[in-house]
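Colleague: sequence unknown, structure follows:
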């Protein structure tokens, strides 16, 4: 299950990066490539790309959370940290009280 979620997370991440890179920049890009012909179709294409980016980003976040929840079960400690400290304290030699 963990491997499937990991592969899905990588795929969603790559698709998300590609969708973001394919989107037209909102800043105008210094006026390069702006024409009336491309402006006519840019609204519908931009609207689709924005919705697709939002859907893939949501799937990526859900998959990341699911991967965290699934892998958290393996991280439960079997013993307490305080038990380890108490075991190590018994092994250390005592300091003499009188150093004369």
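Modeller: Cool, the structure landed. Remember, it's a predicted structure, so these values are computed and weren't measured experimentally. Residues are numbered from 1 along each chain as shown.
Colleague: For the longest helix belonging to the chain, buried residues please.
Modeller: If you go by DSSP state H, the chain has its longest helix at helix 36-72. Going by neighbour count (16 or more other CB atoms under 10 Å), the buried part of helix 36-72 is 49, 53, 56-57, 59-60, 63, 67. All C-beta spots, glycine's among them, are computed from the backbone N, C-alpha and C.
Colleague: how far away is the closest residue to residue 70 other than its chain neighbours from residue 66?
Modeller: Nearest residue to residue 70, sequence neighbours excluded (CB to CB, 6 or more residues apart in numbering): residue 2, at 5.3 Å. Using CB to CB, to the nearest Å, we find residue 2 at a distance of 10 Å from residue 66.
Colleague: Ok, residue 16 next?
Modeller: From residue 16 to residue 66 the distance is 16 Å (CB to CB).
Colleague: repeat for residue 49
Modeller: 26 Å.
Colleague: hang on, the earlier thing: count the neighbours of the residue nearest to residue 70 for me.
Modeller: By other CB atoms under 10 Å, 12 other residues sit near residue 2.
Colleague: residues contacting it?
Modeller: Counting by CB atoms under 8 Å, 6 or more residues apart in numbering, residue 2 touches 67, 70-71.
Colleague: Do you know the pLDDT at it?
Modeller: With respect to pLDDT, residue 2 scores 86.
Colleague: what's the answer for residue 36, then?
Modeller: Reading off the model, residue 36 has pLDDT 49.
Colleague: Against residue 20, how distant is residue 57?
Modeller: For residue 57, the distance to residue 20 - CB to CB - is 9 Å.
Colleague: Which members of the buried residues of helix 36-72 are the farthest-apart pair?
Modeller: With CB to CB as the measure, no two of these lie farther apart than 49 and 67, at 26.2 Å.
Colleague: Please determine how far residue 52 is located from residue 21.
Modeller: 13 Å.
Colleague: can you check residue 98 too?
Modeller: 74 Å.
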